[in-house]
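*Asks:* this is a predicted model, with the sequence first.
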Amino acid sequence: LAALERQIFDFLGFQWAPILGNFLQIIVVILGLFGTIQFRPRYIVVYTVWTALWVTWNVFIICFYLEVGGLSKETDLMTFNISMHRSWWREHGPGCIRRVVRPSAPGTLDDYSYVSVTGCIIDFQYLEVIHSAIQILLSV
């Protein structure tokens, strides 16, 4: 259920790399449950290997949002560099007040650079870190 919840918010932010990872997590969890119930050792091994990869992916996401080791949350890495979308939590976190600021030059198209967000109770990167930490805890 936690992966499904995370999948929904990643879809809202158009973050394609996490969407792909969450989709694989959901599929492998189903296979792992089936393998456990039917005692299929190969499925259990696949689930075990995937769990190690899943924990690694979530550690990467934590490092990404905390900007550890030269990573920057301002890059388009999570969208495979095909769009400027960011975490949905950036503009819609708890307590956040979102304002669209008019562009300074007339005729300029509106994009995410003209959105002002203030008053957030918790910054979006910490919400993403919490989501990843919960995924790690559930995997262990």
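*Replies:* Cool, got the structure. Residues are numbered from 1 along each chain as shown.

*Asks:* in stretch 59-78, which residues are buried?
*Replies:* Of all the residues in stretch 59-78, those buried under the rule 16 or more other C-beta atoms under 10 Å are 60, 61, 62, 64, 65, 73, 78. To be clear about C-beta, it is placed using only N, CA and C from the backbone, and glycine gets the same treatment.

*Asks:* what does the lowest-mean-pLDDT helix or strand in the chain rub up against?
*Replies:* The weakest-scoring helix or strand in the chain, judged by mean pLDDT, DSSP states H and E, is strand 115-118 (a mean of 76). When contacts are defined by C-beta atoms under 8 Å, 6 or more residues apart in numbering, strand 115-118 is touched by residues 90, 91, 93, 96, 97, 98, 99, 100, 101.

*Asks:* change it to 7 Å
*Replies:* By C-beta atoms under 7 Å, 6 or more residues apart in numbering, the surrounding residues in contact with strand 115-118 are 90, 91, 96, 97, 98, 99, 100, 101.

*Asks:* from what I see, residue 65 and residue 71 are in contact.
*Replies:* No: look at residue 65 against residue 71 with C-beta atoms under 7 Å: they stay out of range, at 8.4 Å.

*Asks:* fine by me, we can end here.
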